[in-house]
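A.B. asks: Coordinates only, no sequence provided:
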């Protein structure tokens, strides 16, 4: 042990003689490379093939793995010194001549390189201080794998600058330039080199380093309990989005509780199909109201409002002009992103009619038209264009949106429906990235009659806030697709409702009767709340209802004499009602008003319905919706649930499961069971 240690000390003291000329040349070369890397010397490409998954660092990790614990310190010191030499002296392959190398037979991946038959001290001495001068630095072939590729395949657990790795994946710079930048990012965290190299993964093409979580969700504080005497009117916009439920499901299936910011209870409730009464002929929708005991609080009641949209015959629907706006940036190069996106859109094609049209725009670094407007009957051309898409480059989201709208405008004709369908992981890192700026832009395009819907894919950098801003202001739906089954639900089973609006600017306003309701609370819809005066203002945009779509809203109300009342009565009572106020019926809990406009119209129609004390017994749909509302509240803190917990939510959902033709409800029950187990850890 002592001899080895002395040999190690001697080896580490061995240094190469400084060469002033070589040092000056190295610094000059480094500055030249730095200047070149300030921009991409080549033009951005729309499509970039994924890089090779084998490379230079594989051999370095294999060598480190073969060393035992005693020489590891000296070996990693030498590796760090060698990496510095590469960072300074490696020539840019896009600017320097390439020296071809003879092809070498590939080594069996299971065979470890054997160390030379020398002593450990000899190996230390041979390694330390041996950096090649500039004149003899090896030239790297243009098609050589990058250090990033090897690190991705052989060191998935290394924490090597994940933000830098993502930025370099998305950049349009030459491959050699990206390799040098990644090497610098690696050296910033040299402890990564100390980690043992794991065995090669079985499916290298589907693996990528875990990125820093940069997800952003559109959320707001939970709606508080309101005192009816002080604020009797509640106003909000309708919401048909379902993205939150799918995000919650993806988190739970991954074995983690979802971020409370990602939970929007109304989107969880509206994820499920409900058999509400159909509207009368000629009416766009019908509302139905149920009053029932609150599962988590026997002293209060739930007011369940169900709205069912009309479903016209498929043969009567107008032709559809659809522009697929597809994110092909580098961040989409994961199995649950671009590959799943392609499969999802391919499923959708089977639901289109022959007279529908499809165009494809892709964006990454720059936006371009991949497929000109094509009849949906030409499935071969559409599928071929989809199949040829590959991920690479940065995310020029704003440029892609502009081009998609331009193409959609050329496809539109009177009486037809035109829609842009944006499919992305939500990573808008180039162009208009501010949700407020996007609202203004999309709203202007919406007024031309071209609507926008958003499909989210993948996790880690999901920008839910931007996706919500796009969909809400584009008169479209925001959905999150984490599996092919979800793609089938959104793009096959519910395609008509997702793409064909039957009522626009749908707003709900409930005036509660202070004689029968002391307090109320709207469950969910926090991001859709409107000012009272917005209800009658047709210039204020609100949600749309698609063909055949069901929408649900739930209030929890408390009677004046209920022991569950959270606020004390005022000592001096309330002001007397105005002389022109209408007389109220003691049987009324409140008054429901709905405003909607026909698609493309700027004038709304008002529908009014009293909310009565006595209603029919709650249906399975109403009780299951209540169970899901409880599910969402348990995930976000359960402020108003008292002692009601997972067991009660599971029991209620099972009892109200009903026919469950597609298995969505039993899936929700199993997700509750998973959440219960995770909450107990």
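C.D. replies: Great, that's in hand. What you see is a predicted model; the values in this text were computed from it and never measured.

A.B. asks: Give me the phi and psi for residue 389.
C.D. replies: Torsion angles at residue 389 (phi, psi; degrees, to the nearest 10) stand at phi -70, psi 140.

A.B. asks: what do you get for residue 383?
C.D. replies: Here residue 383 shows phi and psi, under degrees, to the nearest 10, equal to phi -70, psi -40.

A.B. asks: could you give the mean pLDDT of stretch 332-352?
C.D. replies: Confidence for stretch 332-352, expressed as mean pLDDT, is 93.

A.B. asks: ends of that stretch, how far apart?
C.D. replies: 26 Å (CA to CA, to the nearest Å).

A.B. asks: do stretch 601-614 as well
C.D. replies: Distance across stretch 601-614, first residue to last, is 37 Å (CA to CA).

A.B. asks: can you pull the buried residues of it?
C.D. replies: Residues of stretch 601-614 classed as buried under the neighbour-count rule (16 or more other CB atoms under 10 Å) are 604, 611. Where you see a C-beta, it was placed from the backbone N, CA and C, and this is true even at glycine.

A.B. asks: Now do that stretch, average pLDDT.
C.D. replies: For stretch 601-614, mean pLDDT is 92.

A.B. asks: Considering only helices and strands, which part of the protein has the lowest mean pLDDT?
C.D. replies: helix 147-154 (a mean of 34; mean pLDDT, DSSP states H and E).

A.B. asks: what's the average pLDDT for the helix or strand harbouring residue 509?
C.D. replies: If you go by DSSP states H and E, residue 509 is part of strand 501-512. When pLDDT is averaged along strand 501-512, the result is 94.

A.B. asks: Bridged to residue 450, which residues?
C.D. replies: Taking DSSP bridges as the rule, residue 450 bridges to residue 418.

A.B. asks: any idea how far it is from residue 213?
C.D. replies: 34 Å (CB to CB, to the nearest Å).

A.B. asks: what do you get for residue 519?
C.D. replies: Distance of residue 519 to residue 213, given as CB to CB: 38 Å.

A.B. asks: For those two, work out which one has more neighbours and name it.
C.D. replies: Shown here are residue 519 and residue 213; by other CB atoms under 10 Å, residue 519 has more neighbours (22 against 11).

A.B. asks: Could I get the pLDDT score of the nearest residue to the more buried one once chain neighbours are set aside?
C.D. replies: In space, and not counting its chain neighbours, residue 519 is closest to residue 558: 4.2 Å by CB to CB, 6 or more residues apart in numbering. At residue 558, the pLDDT value in this model is 98.

A.B. asks: Could you do residue 535 as well?
C.D. replies: Looking at residue 535, its pLDDT reads 97.

A.B. asks: if we can go back for a sec, isn't the residue nearest to residue 519 up against residue 520?
C.D. replies: Yes - counting by CB atoms under 8 Å, residue 558 does reach residue 520; the two are 7.3 Å apart.

A.B. asks: so what sits against both of those two?
C.D. replies: residue 225 (CB atoms under 8 Å, 6 or more residues apart in numbering).

A.B. asks: So, low pLDDT: which residues of the stretch 301-450 of the chain?
C.D. replies: Along the stretch 301-450 of the chain, segments meeting pLDDT under 70 span 314, 365-366, 394-397, 427-435.

A.B. asks: quick one: the helices in it?
C.D. replies: Under the criterion DSSP state H, counting those that start in this stretch, the stretch 301-450 of the chain carries helices at the ranges 338-349, 379-387, 397-411, 435-446.

A.B. asks: Redo those helices as JSON lines? Include mean neighbour count and distance to residue 604.
C.D. replies: What follows is the helices of the stretch 301-450 of the chain, written out as JSON lines (neighbours: other CB atoms under 10 Å; distance: least, CB to CB, whole Å):
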{"stretch": "helix 338-349", "mean neighbour count": "20", "distance to residue 604": "32"}
{"stretch": "helix 379-387", "mean neighbour count": "15", "distance to residue 604": "38"}
{"stretch": "helix 397-411", "mean neighbour count": "20", "distance to residue 604": "26"}
{"stretch": "helix 435-446", "mean neighbour count": "16", "distance to residue 604": "16"}
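
A.B. asks: okay, those in CSV with distance to residue 617 next?
C.D. replies: Supplementary listing: the helices of the stretch 301-450 of the chain in CSV, determined by distance: least, CB to CB, whole Å:
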stretch, distance to residue 617
helix 338-349, 39
helix 379-387, 49
helix 397-411, 48
helix 435-446, 42
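
A.B. asks: Could you say which one of the ones you listed comes nearest to residue 548?
C.D. replies: Nearest to residue 548, of all those, is helix 338-349, at 16.6 Å by CB to CB.

A.B. asks: just checking, what packs against the closest one?
C.D. replies: For helix 338-349, the packing partners by 3 or more CB pairs under 8 Å, 6 or more residues apart in numbering; DSSP states H and E come out as strand 320-327, helix 379-387, strand 417-424, strand 450-457, strand 478-481, helix 484-488.

A.B. asks: make it 10 Å
C.D. replies: The contact analysis (3 or more CB pairs under 10 Å, 6 or more residues apart in numbering; DSSP states H and E) places helix 338-349 against strand 320-327, strand 357-364, helix 379-387, strand 417-424, strand 450-457, strand 478-481, helix 484-488, helix 495-499.

A.B. asks: Quick check: which of those is nearest to residue 666?
C.D. replies: With CB to CB as the criterion, residue 666 lies closest to helix 484-488 of the helices and strands packed on helix 338-349, at 13.4 Å.

A.B. asks: Report the buried residues of that closest one.
C.D. replies: Neighbour counts using 16+ other CB under 10 Å place 486-488 of helix 484-488 among the buried residues.

A.B. asks: and which of those residues is nearest residue 613?
C.D. replies: Of all these, residue 613 sits closest to residue 486, with 40.1 Å by CB to CB.

A.B. asks: I'd say that closest one and residue 340 touch.
C.D. replies: Yes - here residue 486 reaches residue 340: they are 9.4 Å apart, a contact under CB atoms under 10 Å.

A.B. asks: Where does the prediction get shaky in the stretch 101-250 of the chain?
C.D. replies: Residues of the stretch 101-250 of the chain meeting the criterion pLDDT under 70: 101-212.

A.B. asks: so residue 319 makes contact with residue 417?
C.D. replies: Yes - assessed by CB under 10 Å, residue 319 is found in contact with residue 417 at 7.3 Å.

A.B. asks: Quickly list what's touching both of these two.
C.D. replies: Shared contacts of residue 319 and residue 417, defined by CB atoms under 10 Å, 6 or more residues apart in numbering, are found at residue 356.

A.B. asks: what about the stretch 551-681 of the chain, any weak spots by pLDDT?
C.D. replies: Using pLDDT under 70, the flagged stretches of the stretch 551-681 of the chain are 573-585.

A.B. asks: mind listing the strands for it?
C.D. replies: 588-597, 605-612 (DSSP state E, counting those that start in this stretch).

A.B. asks: Would you check that residue 543 makes contact with residue 478?
C.D. replies: No - using CB under 10 Å, residue 543 is not in contact with residue 478, being 11.0 Å away.

A.B. asks: Among the helices of the stretch 301-450 of the chain, which comes closest to residue 621?
C.D. replies: Nearest of those to residue 621, taken as CB to CB: helix 338-349 at 27.3 Å.

A.B. asks: Alright, calling it a day.
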